[in-house]
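Enquirer: Whatever this is, show me its structure:
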Amino acid sequence: MAAMTPQQAIDRLVDYESVEATDLKPFDESGIWDPGMDPFPASRAEAVRIARDRGEALGEKVLPAGSPRRLQPVVDKFFYGLRANAIETERLALWWANRMLTTPRPLEEKLTLFWHGHFANGQNKVRDCRMMLRQNELFRANASGSFRVLLTGILKDPAMLVYLDNGENIKKHPNENFGRELLELFTMGVGTYTEKDIREAARAFTGWTNDVLVFKFDETQHDDGPKTFLGRMGPFNGEDVLNIVLAQPVTAEFMATKVYRYFVREEISGTVKAALGATLRNHDYRLKPMLKQIFLSKDFYGPAASATQIKSPIHLLISTYKKMGLHEVPTIPDFGRMSASLGQTLFEPPNVAGWAGGRTWITPATLLNRGNLFRDVLFPDAKTFRAPDRVMPPLYARVGERLARGMNVTDATKEGDAEANLAADRDEDYNTRYGGYRGYMLAYERVKPIPRRAASLDLRAMTAAAGADTPDQIVDHFTRRFLRTPVADPGRAVLVAFLRERLGAPAGVERGSSGEQKEGALRELLYLVLSTPEYQLG
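Expert: Predicted coordinates:
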C-alpha cells in the first residue's frame, strides 16, 4: 500500500470485497441447542409453569408422579441453556477477535464493530448465541453497503426484536421501545422528533416479531389505522416509517457524524457534518462514497486527528497484537476478561445506546488496568491460570464437592443463610441451587473448551529484523512501531537507561546478555512502552 497513491490505497481499503479472504474460518459452533429449547423461556419460573401445564418443557419431560423433584430435569435444562449460551458467546467473541486480527480486510471488521455498538444489544437479554452470530453476520454483510438495507435488516433481526421487546408491541398495547430507539439512537438523534412521533412509529411496527431465528409479521397484531408521523399522514407500516426517517436531512447528518467520530475525532464542524451528510443522502445512503471522502480528506490526516483518539478496549487489544506480529489472539490471559476489565465486552454492550467511547474509556477504575493490561501477555503464568470458561462460581463448586462426598441434594445445597437455603429448595418439585450446579456441569460437557495458549512472541527476532542492535535503536524501534506519538525526552532517556541496565551492557546489546536475558529485558521494555499514557492514543 505504501507504493500506491492515496486514492489507490483508499480504494483498496474501502472496496475490500476485491481482497481474497477465504482463509478466514467460520465460527465452529458447539451445537448446544436442541429443538425442545425453542422458544427459550423468559425465566426459570416460566419454564416451570410450562412444565406443569404441559408435562414437559425445554425438551425435558416431567418425572412420574411420586418421584422426588419431578421438575428437576426442566430446571436443570433451563440453567444449562443460560450457562451454555454465555460460554458459547465467549467462544464467539474470541472467534471474532481472531478474525479482526488476521483479516486481510480490516475495514470490514472495524465497521462490523461500529455497527455492533450502534445497533447495540447483548447476550444477557437475548440469551441465544445463534441470534448473536446471525446478527454479527448481518453487520458484516452490510458493513460498508447501504445503510437503508442494513437498517431494514436490523429491525427485522430476531436478536434486536427480542432485545427491544417488540414481540410485546401489539395493536392493543403498543410498546414504545422500538420506535424510541429507532429515532433517538439509530437514525435521527435527540430533539429531532416528538413524543407523538415515537408513539406513531411504535404503532407502525406492531406485529413485527420473530419465530425464534426468523422474522415474522403477525398481521393480526398490526395496527393498520391512520398515523401522523414526522408531519406526514397515512396508514403507515414499518417500512413506510423507515422511508420517512431516511428522507429527513437530519438522519444523514446524524449518521455521518457518528461515523466521523468513530474514525477521526470527537469534534466535527458544521460544514463537515453538512458535507458528509449530503454525500450520504446523494448516494441513497450507500456508505462507501462517504468513507472515501473521509479517508481522502486533509482533515483525516491533520494534527487535530492524529493521535487524539482514545482507543477502545477492543481497538487497544487487537491493534497491539497486530503490532506484536501475532497471528492468533492469546488466550492466556483470557481475551474476554481483559477487555471487560477496561469496560468493553463483545456481544455485551452496557445498554441499547452502546458504548459511549471517547473519554469515557478512561476512568479511575480503568486507568490502572489500561497501564498494566499487557503484563500478563508478556509474562504469562500458565501454571496458575484458570480458564474462566471452565471455572464454576464458588457457590456451585461447593455443591459439587459435597455431592462428591456423598451428601444428599438438600444438604449439599445448604449454605449459612437459612433464608437463602429455603429459597434454594423451597419447592418440593425442584431445587434451584442444584439446578444451577447441574446447568454448569451440562454446559461444560457440551460447549467446546477454549484452547489456551500464551502469545507466541520473539522480540529478539523482531529487533534483529529491524536492524536494532543498541538500546537506543531498540527503544526507537519500539516507540516507532507501537506508538502514534513519540516519547519525548526525558522519557526516552529513561527507557534507554532501563534497557541498558537490564541487559548489563553499556554499549551493544549482545555483550553480557544471554538470549533468555535479552528476551526478558526486551519484554520488560515493551511492557513499559505499552504502559505509557501515549499508548492509549490512536
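Enquirer: For the rest of this, base every contact and every neighbour count on C-alpha atoms.
Expert: Will do.
Enquirer: The closest residue in space to A521 that isn't next to it in sequence: how many residues sit nearby?
Expert: Nearest residue to A521, sequence neighbours excluded (CA to CA, 6 or more residues apart in numbering): R502, at 5.7 Å. Per other CA atoms under 10 Å, the neighbour tally for R502 reads 17.
Enquirer: Which is the succeeding secondary structure element to the helix or strand R502 falls within?
Expert: Using DSSP states H and E, R502 maps to helix 491-503. Remark: after helix 491-503, the chain's next helix or strand is helix 515-530, criterion DSSP H and E.
Enquirer: C-alpha coordinates for that next one, PDB please?
Expert: Written as PDB, here are the backbone C-alpha positions of helix 515-530 (Å, rounded to 0.1, in the frame of the first residue of the first chain):
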ATOM      1  CA  GLY A 515      19.400 -15.000  24.800                       C
ATOM      2  CA  GLU A 516      16.900 -15.600  27.600                       C
ATOM      3  CA  GLN A 517      18.100 -12.500  29.500                       C
ATOM      4  CA  LYS A 518      17.800 -10.400  26.300                       C
ATOM      5  CA  GLU A 519      14.300 -11.600  25.600                       C
ATOM      6  CA  GLY A 520      13.200 -10.900  29.200                       C
ATOM      7  CA  ALA A 521      14.700  -7.400  29.000                       C
ATOM      8  CA  LEU A 522      13.000  -6.600  25.800                       C
ATOM      9  CA  ARG A 523       9.700  -7.800  27.200                       C
ATOM     10  CA  GLU A 524      10.200  -5.500  30.200                       C
ATOM     11  CA  LEU A 525      11.000  -2.600  27.900                       C
ATOM     12  CA  LEU A 526       7.900  -3.300  25.800                       C
ATOM     13  CA  TYR A 527       5.700  -3.500  28.900                       C
ATOM     14  CA  LEU A 528       6.900   0.000  29.900                       C
ATOM     15  CA  VAL A 529       6.200   1.300  26.400                       C
ATOM     16  CA  LEU A 530       2.700  -0.200  26.400                       C
END
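Enquirer: which of the residues in it are buried?
Expert: By neighbour count with 16 or more other CA atoms under 10 Å, helix 515-530 contains the buried residues 518-530.
Enquirer: How far off centre is that helix?
Expert: Helix 515-530 sits 31 Å away from the centroid of its parent chain (CA atoms, centre = their mean, to the nearest Å).
Enquirer: Tell me who's in contact with G343.
Expert: Neighbouring residues of G343 by CA atoms under 8 Å, 6 or more residues apart in numbering: P313, W361, T366.
Enquirer: hmm, back to that, as JSON lines, the buried residues of helix 515-530 with distance to R281 and pLDDT would be great.
Expert: As requested, the buried residues of helix 515-530 are exported to JSON lines (distance: CA to CA, whole Å; pLDDT from 0 to 100):
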{"residue": "K518", "distance to R281": "57", "pLDDT": "94"}
{"residue": "E519", "distance to R281": "54", "pLDDT": "96"}
{"residue": "G520", "distance to R281": "55", "pLDDT": "95"}
{"residue": "A521", "distance to R281": "54", "pLDDT": "96"}
{"residue": "L522", "distance to R281": "51", "pLDDT": "97"}
{"residue": "R523", "distance to R281": "50", "pLDDT": "97"}
{"residue": "E524", "distance to R281": "51", "pLDDT": "97"}
{"residue": "L525", "distance to R281": "49", "pLDDT": "98"}
{"residue": "L526", "distance to R281": "46", "pLDDT": "98"}
{"residue": "Y527", "distance to R281": "46", "pLDDT": "97"}
{"residue": "L528", "distance to R281": "47", "pLDDT": "96"}
{"residue": "V529", "distance to R281": "44", "pLDDT": "96"}
{"residue": "L530", "distance to R281": "41", "pLDDT": "96"}
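Enquirer: Now the two most distant members of the residues you listed.
Expert: For these, the farthest-apart pair by CA to CA is K518 and L530; their separation is 18.3 Å.
Enquirer: Give the buried residues for whichever helix or strand I474 is part of.
Expert: Element membership for I474, per DSSP H and E: helix 471-482. Within helix 471-482, the residues that count as buried by 16+ other CA under 10 Å are P471, D472, I474, V475, D476, H477, F478, T479, F482.
Enquirer: ok, now stretch 383-398?
Expert: By neighbour count with 16+ other CA under 10 Å, stretch 383-398 contains the buried residues D389, Y396, R398.
Enquirer: Then stretch 113-124?
Expert: Under 16+ other CA under 10 Å, the buried positions of stretch 113-124 are L113, F114, W115, H116, G117, H118, F119, A120, N121, G122, Q123.
Enquirer: for stretch 265-277, same thing?
Expert: Within stretch 265-277, the residues scored as buried using 16+ other CA under 10 Å are R265, E266, V272, K273, A274, L276, G277.
Enquirer: Skip the chain neighbours and tell me the closest residue to the second one.
Expert: Nearest residue to E266, sequence neighbours excluded (CA to CA, 6+ apart): G358, at 7.4 Å.
Enquirer: give me every residue that touches the one you found.
Expert: Neighbouring residues of G358 by CA under 8 Å, 6+ apart: E266, Q309, I310, K311, S312.
Enquirer: Specify the angle between the helix holding I474 and helix 491-503 in degrees.
Expert: Counting by axes from the mean of the first three to the mean of the last three CA atoms, to 10 degrees, helix 471-482 lies at 120 degrees to helix 491-503.
Enquirer: and helix 471-482, C-alpha only, in CSV?
Expert: Extracted in CSV, the C-alpha atoms of helix 471-482 (Å, rounded to 0.1, in the frame of the first residue of the first chain):
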residue,chain,number,x,y,z
PRO,A,471,19.5,0.1,23.5
ASP,A,472,19.0,3.5,21.7
GLN,A,473,18.0,1.8,18.5
ILE,A,474,15.7,-0.7,20.2
VAL,A,475,13.9,2.0,22.2
ASP,A,476,13.4,4.0,19.0
HIS,A,477,12.1,0.9,17.1
PHE,A,478,9.6,0.0,19.8
THR,A,479,8.3,3.6,20.1
ARG,A,480,8.0,3.9,16.3
ARG,A,481,6.3,0.5,16.0
PHE,A,482,3.9,0.8,18.9
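Enquirer: Give me the packing partners of that helix, helices and strands only.
Expert: helix 313-323, helix 491-503, helix 515-530 (3 or more CA pairs under 8 Å, 6 or more residues apart in numbering; DSSP states H and E).
Enquirer: would TSV of those with distance to M188 be doable?
Expert: As requested, the helices and strands packed on helix 471-482 are exported to TSV (distance: least, CA to CA, whole Å):
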stretch	distance to M188
helix 313-323	27
helix 491-503	46
helix 515-530	39
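Enquirer: And the ones you listed: which comes nearest D165?
Expert: Set against D165 and scored by CA to CA, the helices and strands packed on helix 471-482 come closest in helix 313-323, at 28.4 Å.
Enquirer: name the helices or strands packed onto that closest one?
Expert: With contacts taken as 3+ CA pairs under 8 Å, 6+ apart, helix 313-323 sits against helix 72-102, helix 335-341, helix 471-482.
Enquirer: where along the stretch 101-250 of the chain do the strands fall?
Expert: Along the stretch 101-250 of the chain, counting by DSSP state E, counting those that start in this stretch, strands occupy 208-211, 214-217, 227-229, 232-234.
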